[in-house]
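A.B. asks: just coords:
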């Protein structure tokens, strides 16, 4: 194999690793792009001590005392405002995990986020989810930003 071919193979591998581990993610504030903030109504649950210290889907350790959430659809590091319409409480969380895996739920919140929303006793609560900072995958070379 020539040096050029080997270099291209290595470069391709680095690009794949870069994308797989999300090293090229770029935060985009939804309001900076003059887009309406995506808002969704759904149900949220929470998880805490049973997951404490385990690896999340993005590779960091779960800390039930931090304001984080699991989402099946939102990209990692997206910041969302979650509102409990039953009492008006809100909290901002960062998506760092995948889930929830139970049907009819949009988010799994950390114990700290559930406490801030006063939903720990209920376990599952209706919520309003508003994206504040969406993290998009890296742009392809030569493309323009959205």
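C.D. replies: Now that the structure is in, tell me what you want to look at. Note that the coordinates shown come from a computational prediction; the quantities given were computed from them, not determined experimentally. Numbers count the residues shown, from 1 in each chain.

A.B. asks: buried ones in the longest strand anywhere in the chain?
C.D. replies: The single longest strand within the chain, with elements called by DSSP state E, is strand 125-136. When burial is assessed from 16 or more other CB atoms under 10 Å, strand 125-136 yields the following buried residues: 125, 127-131, 133-135. C-beta here means a position set from N, CA and C on the backbone, and glycine is covered the same way.

A.B. asks: try stretch 100-115
C.D. replies: So, applying 16+ other CB under 10 Å, buried residues of stretch 100-115: 100, 105-115.

A.B. asks: distance check, the residue nearest to residue 109 when sequence neighbours are not counted against residue 96.
C.D. replies: Closest residue to residue 109 apart from its sequence neighbours, by CB to CB, 6 or more residues apart in numbering: residue 46 at 4.5 Å. Using CB to CB, to the nearest Å, residue 46 is found at 14 Å from residue 96.

A.B. asks: next SSE after the worst-scoring helix or strand of the chain on mean pLDDT?
C.D. replies: Across the helices and strands of the chain, the lowest-confidence element by mean pLDDT, DSSP states H and E is strand 26-29, at a mean of 48. Counting by DSSP states H and E, the element after strand 26-29 in chain order, helix or strand, is strand 39-47.

A.B. asks: quick one: contacts of that next one?
C.D. replies: The contact list for strand 39-47, computed with CB atoms under 8 Å, 6 or more residues apart in numbering, reads 64, 69-70, 82, 100, 102, 104-111, 113-114, 117, 119-120, 123-131.

A.B. asks: and if we set it to 6 Å?
C.D. replies: 100, 104-109, 111, 114, 124-130 (CB atoms under 6 Å, 6 or more residues apart in numbering).

A.B. asks: over to stretch 79-99?
C.D. replies: For stretch 79-99, the surrounding residues in contact (CB under 6 Å, 6+ apart) are 56-58, 60, 67-71, 74, 76, 78, 108, 113, 116-119, 125, 127-133.

A.B. asks: mind listing what's buried along it?
C.D. replies: Those would be 79-84, 91, 93-99, for stretch 79-99 by 16+ other CB under 10 Å.

A.B. asks: average pLDDT across that stretch?
C.D. replies: In this model, stretch 79-99 has an average pLDDT of 97.

A.B. asks: distance of residue 114 relative to residue 134?
C.D. replies: In terms of CB to CB, residue 114 sits 23 Å off from residue 134.
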